[in-house]
Structure formats: structure tokens, C-alpha cells
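# Here is my input; please provide its structure:
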Amino acid sequence: MFSRHALVLAAAVVALAGCGGGSTTASAPAATTATTAAAAAPAGLSITDPWVKTVKKGMTAAFGTLVNNGDTDVTIVSGTSPLSPVIELHEVVESGGKMVMRPKEGGFVVPARGTHQLQPGGDHIMLMGVTEEVKPGAKVPFTLQVKGGQPLEFSAVGKDFAGGEEDYQPGHE
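You can find the predicted model right below:
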């Protein structure tokens, strides 16, 4: 049985975009292609192209595509990472004529034989209280808890992204 560190290392080698300590935030070239996480949950759950928006400190978010190859829906209920003491599953919705981020009630549901997109301006994994810089190419370990199932462990890659100018900082909804 692989240790958690071995699984994180395997996920990084397979190349799936900041972090607690040691080499996880070391500046390294970003992978040119990101593929499926090496550590898929037994229910057939995996993630493709996971990445974390680079940040000096404060808040950031993680993205990718959750893939369910199983025959039943899978619900992601929480997440952890050594990069952040507080992680929430978030969605972006319209409220009062503007787009706001808020915790996703019930988590992320990945349909049977389907996918669930985590993207800027939509559902994402929110990391709060980040105290270490996330540089491009950094490898950030994550664990997503699955309702009634095994957790999904993977590494996401630090990536610069301006996109729609999302601001994952305190005081912004």
C-alpha cells in the first residue's frame, strides 16, 4: 500500500495549479500537459488538469475537471491541503445583480459516467489563510473527501492566471 507521500509523488509524476512546507512550493517548471490524477478513488473518481492560481498569500482557488467513471453519482463533501488551514467548496452565483462566491451547499455532485468542471467564475476549491507563496509550477497536494467513499488524493500545479480578474482576497464576495 502506498503512503500518502508516495501517492502525492505519483500524482505529480503523472503531471496533473500554494503550500505547507518543504518542496511542495519550490519553483519548478510547470507541466506542459496535465493528465488524470494517479490516485483515483475506488468509485472511479479522478481529476484531470488540476491547478491552483498563484498567490503571494491570503486566498486562492484550485480548479480542474472531476471525472466519475462509476455507475453512481459521487458527492465531494470537503477538502484538505497542507497549503491552507481552511478549505471550502465554493460556487459563483448571481445575487443582487452581481456575481458572488459562496460555499456550495451539499458539495460537488459528479454524475455517474460524467464530469464536474471546477473553473474560475464557477465551482472551485477555495483555500483561505494561505501563508506561503504559490509560484508557477509548484506542486500542491490535495485530498477531497467523498460522501460514503474513499478520498481522492492528487497534486495540483501552480499556474498564473488573470482570467476574468477574479479576486480571491478577504472582503470580496
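# Could you report the distance from M101 to D71?
32 Å (Cβ to Cβ, to the nearest Å). (Each C-beta comes from the backbone N, C-alpha and C, glycine too.)
# confidence score at R113?
At R113, the pLDDT value in this model is 96.
# can you pull the contacts of it?
Residues in contact with R113, defined by Cβ atoms under 8 Å, 6 or more residues apart in numbering, are 68-71.
# Filter these down to the buried ones.
Among those, those that count as buried by neighbour count (16 or more other Cβ atoms under 10 Å) are 68, 70.
# now for the helix or strand V77 falls within, which elements pack on it?
Using DSSP states H and E, the element containing V77 is strand 74-80. Packing contacts for strand 74-80, counted by 3 or more Cβ pairs under 8 Å, 6 or more residues apart in numbering; DSSP states H and E, involve strand 86-95, strand 108-110, strand 139-146.
# Tell me which of the ones you listed is the most buried.
strand 139-146 (a mean of 23; mean count of other Cβ atoms under 10 Å).
# ok and that one relative to strand 74-80, angle-wise?
With axes from the mean of the first three to the mean of the last three Cα atoms, to 10 degrees as the basis, strand 139-146 and strand 74-80 are set at 130 degrees to each other.
# And the helix or strand harbouring S46, what's buried?
For S46, the host element (DSSP H and E) is strand 45-53. Of all the residues in strand 45-53, those buried under the rule 16+ other Cβ under 10 Å are 45-47, 49-53.
# can you dump the C-alpha coordinates of it into PDB?
Output in PDB follows, covering the C-alpha atoms of strand 45-53 (Å, rounded to 0.1, in the frame of the first residue of the first chain):
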ATOM      1  CA  LEU A  45     -13.400   9.200  -9.400                       C
ATOM      2  CA  SER A  46     -10.400  11.100 -10.800                       C
ATOM      3  CA  ILE A  47      -9.400  14.600 -11.700                       C
ATOM      4  CA  THR A  48      -7.900  16.000 -14.800                       C
ATOM      5  CA  ASP A  49      -5.800  19.100 -15.300                       C
ATOM      6  CA  PRO A  50      -5.800  20.200 -11.600                       C
ATOM      7  CA  TRP A  51      -4.200  23.600 -11.000                       C
ATOM      8  CA  VAL A  52      -4.000  26.300  -8.300                       C
ATOM      9  CA  LYS A  53      -4.000  30.100  -9.100                       C
END
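# Which strand or helix spans F154?
In the assignment (DSSP H and E), F154 maps to strand 152-159.
# any weak-confidence spans in this structure?
Scanning the chain for pLDDT under 70 picks out the ranges 1-43, 163-173.
# mind redoing it with 90?
Within the chain, the ranges that satisfy pLDDT under 90 run 1-44, 95, 131, 149, 161-173.
# Right, I'll leave it there.
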